[in-house]
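Peer 1: Whatever this is, show me its structure:
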Amino acid sequence: MEEEFYGAHGRGEPFRFVKARSKHTCELCGESIMAGERYIKYTERPTGWEKNACIKHFNGKKQEEWDEKRREYGKKINEGDYIMLENDASGSYGQRWAFVVFHGDKEIHRAHGYTEGCGSITPAEGFAIIKALEWLKEADFSPHLPIILTNDNYAVLSKLHSGSEKGTHRDLWHQLNELFDPLRRSGRLFILGHATREAHGYAQKDQVGLKQ
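Peer 2: So this is what the prediction gives:
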């Protein structure tokens with residue numbers, strides 16, 4: 001199946017339009033992109049590198065449909081009808097994870113536990129997100145509501161926005177993308193970078209009684 005770009009790109013990678021200053025080659029079909037032409041830049045997952053694609057891979061009709069979905073989800077967010085997933089990791093190596101789920105302002109679920117061999121805080125926070133998304137998938141709670149995911153780690157937010165799987169924990173980031181992709185494609189997913197107070201407190205050892 002030929003690659004198409006619209007809304008959130010089919011594999012979940014974001015993309016942007018730029019104007020070519022010099023000649024390029026489309027990474028997808030091999031056609032030339034001439035200076036002055038509009039083309040697409042996107043992030044390749046396995047490498048994290050930015051790649052070029054010619055404009056013929058953009059599907060304007062599907063983009064309009066996706067934009068309309070986003071507007072409808074935006075209205076629900078403004079009305080306070082959304083699911084928010086707070087997540088965090090704690091400990092010098094991110095030994096503990098936690099997530100808290102809200103429907104609007106009302107808490108509906110929380111969970112915590114140990115990370116599994118992450119060894120540092122960034123992948124540990126990614127693991128916390130995976131646990132939250134697994135719960136969401138299993139619960140199938142209000143499948144037509146927008147999902148707001150919050151995180152306060154710059155490196156994690158970069159992964160979430162780019163879809164890049166580059167790094168020593170590639171399997172973890174790939175698993176996260178597999179869970180994220182249906183939400184990205186549907187337009188339901190909104191990522192916010194701000195404090196996650198409830199999840200942060202719940203991940204603390206003295207709050208949850210976890211052993212070192």
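Peer 1: and the most centrally placed residue in the chain, what element?
Peer 2: Closest to where the C-alpha atoms of the chain average out (C-alpha atoms, centre = their mean) is Leu160, at 3.6 Å. Per DSSP states H and E, Leu160 falls inside helix 154-162.
Peer 1: what sits against the nearest residue to the residue nearest to the centre of the chain once chain neighbours are set aside?
Peer 2: Closest residue to Leu160 apart from its sequence neighbours, by C-beta to C-beta, 6 or more residues apart in numbering: Ile191 at 5.1 Å. For every residue, glycine as well, the C-beta is placed using N, CA and C. Counting by C-beta atoms under 8 Å, 6 or more residues apart in numbering, Ile191 makes contact with 148-151, 157, 160-161.
Peer 1: now swap in Val18 and tell me
Peer 2: Residues near Val18 by C-beta under 8 Å, 6+ apart: 38-41.
Peer 1: Go again with 10 Å.
Peer 2: 24, 33, 37-41, 52 (C-beta atoms under 10 Å, 6 or more residues apart in numbering).
Peer 1: same question, Ala139
Peer 2: Taking C-beta under 10 Å, 6+ apart, we find Ala139 in contact with 83, 101, 108-109.
Peer 1: coming back round to it: just give me the closest of the contacts of Val18 to Ser120.
Peer 2: Ser120 has its nearest neighbour among these in Lys41, at 29.6 Å by C-beta to C-beta.
Peer 1: The closest one is in what secondary structure piece?
Peer 2: With DSSP H and E as criterion, Lys41 is part of strand 38-43.
Peer 1: Show me what counts as buried in that strand.
Peer 2: For strand 38-43, the neighbour count (16 or more other C-beta atoms under 10 Å) marks 39-40, 42-43 as buried.
Peer 1: Using CSV, write out every CA atom in it.
Peer 2: The C-alpha coordinates for strand 38-43 follow below in CSV (Å, rounded to 0.1, in the frame of the first residue of the first chain):
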residue,chain,number,x,y,z
ARG,A,38,6.2,22.2,-2.0
TYR,A,39,7.0,18.9,-0.4
ILE,A,40,6.7,16.9,2.8
LYS,A,41,9.2,16.4,5.6
TYR,A,42,8.4,13.5,8.1
THR,A,43,10.3,11.7,10.8
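Peer 1: hang on, the earlier thing: columns distance to Trp173 on top of the buried residues of strand 38-43, output as JSON lines?
Peer 2: What follows is these, written out as JSON lines (distance: C-beta to C-beta, whole Å):
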{"residue": "Tyr39", "distance to Trp173": "27"}
{"residue": "Ile40", "distance to Trp173": "23"}
{"residue": "Tyr42", "distance to Trp173": "17"}
{"residue": "Thr43", "distance to Trp173": "12"}
